[in-house]
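1. here is my input; please provide its structure:
(chains A and B)
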Amino acid sequence: MKRFLYELSESWKIAAAQMRSNLTRSTLTALGVIIGIIAVTLMGTAVNGISIGFDKSMAVLGDDVLYVTQWPWKPVDDWWNYRDRKKIKTEYAETLNRMIAVTPNSNLVVAVPTSNLMRSIKYGGNQVDNVFVLGTTSDFIITSTIDCTAGRFFNELESRGGANVVVIGYDVADALFPAQSPIDKSVLINGQLFKVIGVNTRQGTFLGLFSWDSMVAMPLGAFNKYFSAKSESDVRVKVKDKTRLTDAKDELTGLMRRVRGLPPEKKDDFSINEQQAFKSTLDPVKNSIAIAGLFITGLSLFVGAIGIMNITFVSVKERTKEIGTRKALGARRRTILLQFLIESTALCLLGGFIGLVFAYLMCFGIGKAFPSFPIHFSLGLVLVSMIVSIITGLFSGFAPAWTASRLDPVTALRYE
Amino acid sequence: MIDIENITKDYVMGEEVVRALRGVTLQIRRNEYIAIMGPSGSGKSTLMNMLGCLDTPSSGRYEFNGKNVAEMDDDELAAVRNREIGFVFQTFNLLPRATSLRNVELPLIYAGIESERREARATQVLADVGLGDRIHHKPNELSGGQRQRVAIARALVNGPSIILADEPTGNLDSKTGEEIMDLFEDLYQRGNTIILVTHERDIAVHARRTVHLRDGLIEMDHAGFIPELDLPVAR
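-> Next comes the predicted model:
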């Protein structure tokens, strides 16, 4: 064991000396690994960023909220079966809440109706088009991760009375009120004046997925008064314990069947969705991007590895006599094997390290240039790329090192 | 110490089988100073490789300190070379980018000696061969004679049973060669066993016993160096 450690440190010293004395050659060879590691690391970062972005957008949905909708949140082949379903009405929420109140040990907390459509919103000379306008009750904050940076969400009184108040998203506030506080100002939606009482905390957008930043929320009463015509409605229900989501889902299904008055032989004419369902349709997309991306960038690393293998073969050939001498002095096969493995690994590690530094700088640059892209350079990534470098080194060094360790000492000593 | 009985070595070269050794029997005792002589093709190098445990015989028995070398595997042979044999090569075979000290330390690393003891021992041996002030020089900063001294120090550092020198003065001018031979004489006086492989009679004359090889067989094996006898063979 001790002897192994001495041989190990000796091999590192030799590897360092070897790299120094063949500086040009080592640099050029390492370049292949540098480029490979940059490619793999950047791709890893991008994949990571995409994943984080998806999750962040998904968090809007909440992992403890069930959504009662007409259409299920997954691709369907038999759309005709869903097309004729009755629409989900906002009044269901009230009925559900009454039922939840009388159910002992209910898994459900509260049902919240939501209606939405797209409208333009104006203040003074500023206008924002296609704003997601949401009508809901004051219970909405219970089901949502939404927060206010300024002001507040509307309260129960405003909710019941259908007051003309709105809570606006960060981007909307930014566009309409570039230089002043929006609180207590009146904005114009559909020709009606609404008082701004709150601004949401910035959430960030990703790949055009839904974000609170570009929406406006108002009491359902006000919403129905002015825009009821072409709105989409659904009901979201907060679950008490998210580990018992299935039970909650069953309970809600039962309640909804009663609301709809379905006889036992009829199928459900509504869908109950949760964040997970949405995730499971997005995950395959995410994963195939990751696999394809990492495979293609992995190829460049592979090319780098072949370069290392090649140079290690050259090194073994050049130093045949040295190998013979070492064997004469008592180096065993595995000593020689170790030495050349370490030389190729050292080269790969060096390349990997330089590549990582470059990749970090590039990530930093990209992060600065496109702040909306959730780029994420993690410690895990550093670790993984170092491990990948080591594996590359071992992989590319093995064949030449094996050849070296098998050399016959007599032949090796005679080699000129 | 070394007991060789009727060893042979055959090489296959293409279609042909070359019989480099045809049955050599030889005993070498502790603290002998032997010259192995013979013209090229006599099997001299092959015998040296056998003695140095770099190669194993095709047949016959080779006992080194009572252990049968003929049946050892690669790693066991490496261990014997490391501990029992000190090689001195014609071309020195030093690691070009390592200092004298690191070159001499190498066999100690393979023997698993810890770093402080390694350095102390290597420094000591380098001083013994007269290079106490050259331990941090690299081979290209040393003269040929000094390089060979480093190589001799490297051969001595593990306290081997024999020192096996293959044409140790072949790459040196005659004056430096004489200095190296004086060093061998000194080592012999201090109790080391030395085997010289050479075809130069000027070198062989230093040994106390001379073995002549011809065509894979021992032609003569006698004490000292007899000019009349040894001259024609040495040529």
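2. give me the nearest residue to A:Ser26, chain neighbours excluded.
-> Distances taken as C-beta to C-beta, 6 or more residues apart in numbering or on different chains put A:Met19 closest to A:Ser26, at 4.4 Å, once the chain neighbours are dropped. Backbone N, C-alpha and C define where each C-beta goes, glycine included.
3. any idea how far chain B is from that neighbour?
-> Distance, A:Met19 to chain B, using C-beta to the nearest C-beta, to the nearest Å: 11 Å.
4. tell me the contacts of that residue?
-> A:26, A:343, A:346-347, A:350 (C-beta atoms under 8 Å, 6 or more residues apart in numbering or on different chains).
5. looking at this, it is in a strand?
-> No - assessed with DSSP: H, G, I helix; E, B strand; the rest coil, A:Met19 is helix; it does not lie in a strand.
6. helices - which of the contacts of A:Met19 land there?
-> If you go by DSSP state H, the contacts of A:Met19 have A:26, A:343, A:346-347, A:350 in helices.
7. and the furthest pair within the contacts of A:Met19?
-> A:Glu343 and A:Leu350 (11.0 Å; C-beta to C-beta).
8. higher neighbour count, the two?
-> Neighbours per residue (other C-beta atoms under 10 Å in any protein chain shown) separate A:Glu343 from A:Leu350, with A:Glu343 holding more: 28 against 21.
9. find the nearest non-adjacent residue to the more buried one, please.
-> Nearest one to A:Glu343, counting by C-beta to C-beta, 6+ apart, is A:Ala15 at 4.4 Å.
10. how close does the one you found get to A:Ile168?
-> Computed as C-beta to C-beta, to the nearest Å, the A:Ala15 to A:Ile168 distance reads 62 Å.
11. would you mind giving the secondary structure of the residue of chain B found nearest chain A?
-> Nearest to chain A, among the residues of chain B, is B:Asn82, at 2.3 Å (C-beta to the nearest C-beta). Look at B:Asn82: counting by three-state DSSP, its state is helix.
12. these two touch, right, it and B:Pro107?
-> Yes - the criterion here is C-beta atoms under 8 Å, and B:Asn82 meets it with B:Pro107 at 5.9 Å.
13. which neighbours do those two have in common?
-> A:329-330, B:158.
14. got those residues as a markdown table, with pLDDT and secondary structure columns?
-> Conversion of these to a markdown table gives the following (pLDDT from 0 to 100; DSSP: H, G, I helix; E, B strand; the rest coil):
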| residue | pLDDT | secondary structure |
| --- | --- | --- |
| A:Leu329 | 94 | coil |
| A:Gly330 | 92 | coil |
| B:Asn158 | 92 | coil |
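15. among the residues you listed, who's most crowded?
-> Busiest of the shared contacts of B:Asn82 and B:Pro107 [other C-beta under 10 Å] is A:Leu329, holding 26 neighbours.
16. is it true that that residue touches B:Ile109?
-> No - using C-beta under 8 Å as the test, A:Leu329 is too far from B:Ile109 to be in contact (9.2 Å).
17. pull out the buried residues from stretch A:189-198.
-> By neighbour count on 16 or more other C-beta atoms under 10 Å in any protein chain shown, the buried set for stretch A:189-198 is A:189, A:194, A:196-198.
18. export those residues as JSON lines, with columns for secondary structure, distance to A:Tyr415 and pLDDT.
-> JSON lines is the format used below for the buried residues of stretch A:189-198 (DSSP: H, G, I helix; E, B strand; the rest coil; distance: C-beta to C-beta, whole Å; pLDDT from 0 to 100):
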{"residue": "A:Ile189", "secondary structure": "strand", "distance to A:Tyr415": "87", "pLDDT": "89"}
{"residue": "A:Phe194", "secondary structure": "strand", "distance to A:Tyr415": "89", "pLDDT": "91"}
{"residue": "A:Val196", "secondary structure": "strand", "distance to A:Tyr415": "85", "pLDDT": "92"}
{"residue": "A:Ile197", "secondary structure": "strand", "distance to A:Tyr415": "87", "pLDDT": "91"}
{"residue": "A:Gly198", "secondary structure": "strand", "distance to A:Tyr415": "82", "pLDDT": "90"}
